[in-house]
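Q: Build me a model from this:
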Amino acid sequence: MALQGTLKDFSVADIFQLIGQQGKSGSLFVVAGDQETHVVFDKGSVVLARFIKSHEDLRLGNMLLRAGIITKNQLETAFEEHRRVMKSLGDVLLGNNFISQETLSEFLNLQTREVLFRIIQWKSGIYRFKTEEFHYNKQIIHPISTDYLLMDGFRQLDEWPAIIEELGSLEAVFDLTAKGRETVAFLMQQEASGSKTGFEDEMDAAFVEFAEESADTTANKNSSSTALQESEKSVLKLIDGQHPVAWIIDHSRLGQFETCKSLLSLKKGKLVQEVTDFQPSAVQSSYRDSLAPRFSLKDLILHGIFYLALLTTVAALIFHMRPDIMGAHAKTTLPGVATVIPQEFVKDYRVRIFFRRLRTALELYRVENTSYPNNIESLVKEGLLSHRDWKKITREQFHYLKSLETISVFASPY
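A: Next up, the predicted model:
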C-alpha cells in the first residue's frame, strides 16, 4: 500500500483512520515546513511517534532529563554511544541502567501521545506512508488504537483553549492553599502507611467540599465519586510555590494537557492558588530558558481565532436546519457529499470519527473508480470500510442515496 499526498487532500486524522481501518503496518512521514514526524504503525495501531526535526522538547532524552530521571552527563554519555553503535537512545539508556524498563515504556507512550496531539492540528504539509514490518520490543512498547488516539486528540483540541485561558501561562507559579496542604498531608500519610484501609472514608469526606465547590457542579453532583482523580493527586503533590507550570508538566509524567487540566481542577476546588507576586530565582529562570518552545498564550489565541473562524464557517455551510426535519436532524452539505445526522450524534466523538472515516472511504473510492459507489457495500468489498462499520451502518439504519452530483447518507433519529 503506497499512500502519499498533501494534507489539503487528506488531514492527519483521515490518514490515521485509513491506516487503522485497513490494519496496515509501516511508517508514516508527515512534513510541514521545517517540521517532520515519523509515526510507526503495527496492524493499524500506533507503535510510536517522534519528531525528526524541531520540537526538541519532545525528544525522549530531553523529556527524561527535564523530568529529573537522568542527569545531563548520563544523557550525553548515552547519546555518544547511541551515535557510535547505532542503537536507539532508549535501548542505550536501558542498557546502561540509567532508566528502568517501566520508565522507558511510560515515556515512549507519553512521547507518542504528545507528538500526535501536535500534528493532528497541522493543516498543510505533505505525507508519505510506506508499508513495511517494524520490529520492536513488545514488553516495552504497547501499540495504541488509532480510534482511541483520535478521540482523545479531538477531546483535547476541544478543551485546551479554555484550560490555557484559565491558567494564563505555562510560566505561572501556583502554591497550596490551607485546604491543599491539609489534603497533601492526608495523601502523604496514606502513602507512608502503605495501605488505604481506614483512610478511604476520611479521604472521601475531605474531598466532598472540593467536589461541591468545583466549577463543574452539575457533573460533580451526578458523579458517584467525590475523590480526587489520580492525575490530580500527582499534580497536587508537585505544587510548591516555587516552580512554574512547565516544570510540573515535565515532572508529572502526564503530558501537557492532562497536567494543566488537573491543575485547573485543583484551582477551581481551591486547593491551589496562583502566586501573583512571585519573583523567580536565577535557577528557576535558567530552567525556563532551557525549555524548548511550547504553546505560548499568543499562539493559542491566534490558533483559537483561526479555528473559531473555521468552525463558524464550516457550521454555517454544514449544519443547516431543514424545515421539514427541524429539531430532529442536522444536515451537513459538503462538496460531493451530503450527510444528515441526528443532533444526538453531533457531540459524540466516536460518531464524528466514523463519519470522517466514511467520507474518506467514499473519496478514495471516487479517486480509484472516477465515481462514487452505487451502494455502501461496495466500500466493504474494496476493503475501504470494515465489516464492523458496515454493521454499525445497518444497526443505526443509515440510508445511502446517490444522485448525479452528490451522495447523501441519512441517519434515522433514535
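
Q: Quick one: residues contacting Phe41.
A: Contacts here follow Cβ atoms under 8 Å, 6 or more residues apart in numbering; on that basis Phe41 touches 19-20, 24-28, 47, 134, 146. Every residue, glycine included, has its C-beta placed from N, CA and C.

Q: how much space between it and Gly90?
A: Phe41 sits 19 Å away from Gly90 when distances are taken as Cβ to Cβ, to the nearest Å.

Q: And for Ile239?
A: Using Cβ to Cβ, one obtains 30 Å as the distance from Ile239 to Gly90.

Q: Quickly list the domain ranges of this structure.
A: Domain assignment for the chain, taken from automatic domain parsing, gives 2-144, 166-297, 319-411.

Q: so Leu64 makes contact with Ala78?
A: No: shown here, Leu64 and Ala78 do not form a contact pair, counting by Cβ atoms under 8 Å, at 9.5 Å.

Q: what touches both of those two?
A: 70, 93.

Q: Can you pick out the ones from the contacts of Phe41 that are in helices?
A: Of those, the ones assigned to helices by DSSP state H are 19-20, 146.

Q: from the contacts of Phe41, which is closest to Ile140?
A: Closest to Ile140 out of the contacts of Phe41 is Val47 (10.7 Å), distances taken as Cβ to Cβ.

Q: For Gly68, which residues are in contact?
A: Taking Cβ under 8 Å, 6+ apart as the definition of contact, the neighbours of Gly68 are His251.

Q: With Arg357 instead?
A: 17-18, 21, 385, 389.

Q: Select, from the residues you listed, the two members most distant in space.
A: Using Cβ to Cβ, the contacts of Arg357 span at most 12.4 Å, a distance reached by Leu18 and Asp389.

Q: who's more crowded, these two?
A: In this view Leu18 and Asp389 are compared by other Cβ atoms under 10 Å, and Leu18 has more residues nearby, 21 against 18.

Q: residues in contact with Ile126?
A: By Cβ under 8 Å, 6+ apart, the contact list for Ile126 reads 4-7, 30-31.

Q: now do Val245
A: Each residue near Val245 by Cβ under 8 Å, 6+ apart is listed here: 167, 169-174, 259-260, 263.

Q: Can you read off the pLDDT for it?
A: Val245 is assigned a pLDDT of 94 by the prediction.

Q: what's the distance between it and His142?
A: Using Cβ to Cβ, we find Val245 at a distance of 28 Å from His142.

Q: now swap in Leu228 and tell me
A: Leu228 sits 26 Å away from His142, going by Cβ to Cβ.

Q: in the stretch 51-200 of the chain, what spans have low per-residue confidence?
A: 194-200 (pLDDT under 70).

Q: please redo it, this time with the cut-off set to 50
A: 196-200 (pLDDT under 50).

Q: all strands of it, in order?
A: 126-131, 174-176 (DSSP state E, counting those that start in this stretch).

Q: Dump those to TSV, plus distance to Ile99.
A: As requested, the strands of the stretch 51-200 of the chain are arranged in TSV below (distance: least, Cβ to Cβ, whole Å):
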stretch	distance to Ile99
strand 126-131	30
strand 174-176	29
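
Q: so which of those strands comes closest to Ile69?
A: Comparing these by their distance to Ile69 (Cβ to Cβ), the top pick is strand 174-176, with 23.0 Å.

Q: Give me the helices and strands touching that closest one, please.
A: The criterion is 3 or more Cβ pairs under 8 Å, 6 or more residues apart in numbering; DSSP states H and E, and the helices and strands that strand 174-176 contacts are strand 272-274.

Q: Quick one: mean pLDDT for the strand it packs on?
A: 94.

Q: can you pull the buried residues of it?
A: If you call a residue buried by 16 or more other Cβ atoms under 10 Å, then strand 272-274 has these buried ones: 272-273.

Q: Quickly run through the sheet partners of it, with directions.
A: Using DSSP bridges, the neighbouring strands of strand 272-274 in the sheet come out as strand 174-176 (antiparallel).

Q: Contacts for the partner strand next, please.
A: Counting contacts by Cβ under 8 Å, 6+ apart, the residues outside strand 174-176 that touch it are 184, 236, 239-241, 245, 248, 263, 267, 271-275.

Q: Output those in JSON lines; the columns should cover distance to Val380.
A: Formatted as JSON lines, the contacts of strand 174-176 follow (distance: Cβ to Cβ, whole Å):
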{"residue": "Val184", "distance to Val380": "55"}
{"residue": "Leu236", "distance to Val380": "50"}
{"residue": "Ile239", "distance to Val380": "53"}
{"residue": "Asp240", "distance to Val380": "56"}
{"residue": "Gly241", "distance to Val380": "59"}
{"residue": "Val245", "distance to Val380": "48"}
{"residue": "Ile248", "distance to Val380": "48"}
{"residue": "Leu263", "distance to Val380": "46"}
{"residue": "Lys267", "distance to Val380": "49"}
{"residue": "Leu271", "distance to Val380": "52"}
{"residue": "Val272", "distance to Val380": "52"}
{"residue": "Gln273", "distance to Val380": "56"}
{"residue": "Glu274", "distance to Val380": "54"}
{"residue": "Val275", "distance to Val380": "58"}
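
Q: Thanks again, I'm all set now.
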